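Chemist: predicted model and sequence follow; I will ask about them next.
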Amino acid sequence: MSALELTRACAETNDGDAWEEFVVRFQRPISFSVKHTICQWGEDPQQFIHDLLQETYLKLCADKCRRLLEFAEQHPDAVLGYIKTIAINVARDHFKSLHAQKRGAVETDQLLEDLDPRARSGSPGSAEAMEREVFLKQIDERLRNCAAGSNQERDCLIFWFYYLQGMSAKAIAALATIELTAKGVEAVLFRLIRCVREQLGSEGTQNRARP
């Protein structure tokens, strides 16, 4: 498939094969662009590369890949350049935000020392822990809808191995029960993430529309 055809297949369907092909085709240039930007900021690529790759794919997948598809339809021969630009901008924005947070943290450390300590976020009684539990239940309901089919259990495992256990796609693929390559695992993750986000976004729109 051409870059335009592949982009359209990913945008208009939930086809796992199309997403796997997308990852295979664009993973290397995205990785190179992200690593190059990380090095420009004087940071260790291995520490940030995985999260920034995921963030790049999420950016490309946002709103059913609308912006990527619009660009591909107007400039079918420049899709690779567009994707590399998105990867660079994602990495650059990450480090701009990170450095801004560090500056803000230094300024507020003294103020925080004067506050009464709250329940730790990991303790059962904390507000953060209860909110997280509710949120995870909501995610699991949407996830099972998105992963419906013969591979539902496997795909849900992949999702939670990644988000709760922090396992990489390579580590998940090494599990005997998964029976997918690392690229296949990444394709499943991208497909499920997009679907779950779309469901949550749709529900939010409906709630705002209610009187």
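Modeler: In hand now; what should we look at?

Chemist: how far is stretch 75-84 from where the chain is centred?
Modeler: Distance of stretch 75-84 from its chain centroid, counting by Cα atoms, centre = their mean, to the nearest Å, is 21 Å.

Chemist: contact partners of that stretch?
Modeler: With Cβ atoms under 8 Å, 6 or more residues apart in numbering as the test, stretch 75-84 has contacts from 2, 3, 4, 7, 26, 29, 30, 33, 60, 68, 71, 72. Quick note: C-beta positions are derived from backbone N, CA and C, even for glycine.

Chemist: buried stuff in it?
Modeler: Buried residues in stretch 75-84, counted by 16 or more other Cβ atoms under 10 Å: 79, 82, 83, 84.

Chemist: and that stretch, what's its mean pLDDT?
Modeler: Computed over stretch 75-84, the mean pLDDT rounds to 88.

Chemist: would you mark the buried spots in stretch 46-56?
Modeler: 48, 49, 50, 52, 53, 54, 55, 56.

Chemist: pull it out as CSV, backbone CA atoms only.
Modeler: In CSV, the C-alpha atoms belonging to stretch 46-56 read as follows (Å, rounded to 0.1, in the frame of the first residue of the first chain):
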residue,chain,number,x,y,z
GLN,A,46,17.3,5.0,26.6
GLN,A,47,15.6,6.7,29.5
PHE,A,48,13.0,8.5,27.4
ILE,A,49,12.7,6.8,24.0
HIS,A,50,9.9,4.3,24.8
ASP,A,51,7.5,6.8,26.3
LEU,A,52,8.1,9.3,23.6
LEU,A,53,7.5,6.7,20.9
GLN,A,54,4.2,5.9,22.4
GLU,A,55,3.3,9.6,22.7
THR,A,56,4.2,10.1,19.1
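
Chemist: contacts only, for residue 198.
Modeler: Residue 198 makes contact with residue 64, according to Cβ under 8 Å, 6+ apart.

Chemist: go ahead and confirm residue 180 touches residue 173.
Modeler: Yes: using Cβ atoms under 8 Å, residue 180 makes contact with residue 173 at a distance of 5.6 Å.

Chemist: and the helices in the protein?
Modeler: For the chain, applying DSSP state H gives helices covering 3-12, 16-40, 45-74, 79-113, 127-146, 152-163, 169-173, 182-209.

Chemist: and the end-to-end length of stretch 139-154?
Modeler: Distance between the two ends of stretch 139-154: 16 Å, counting by Cα to Cα, to the nearest Å.

Chemist: please identify the buried residues of it?
Modeler: 139, 142, 143, 146, 147, 154.

Chemist: and which of those residues is nearest residue 41?
Modeler: Comparing the buried residues of stretch 139-154 against residue 41 with Cβ to Cβ picks out residue 139 as the nearest, at 31.8 Å.
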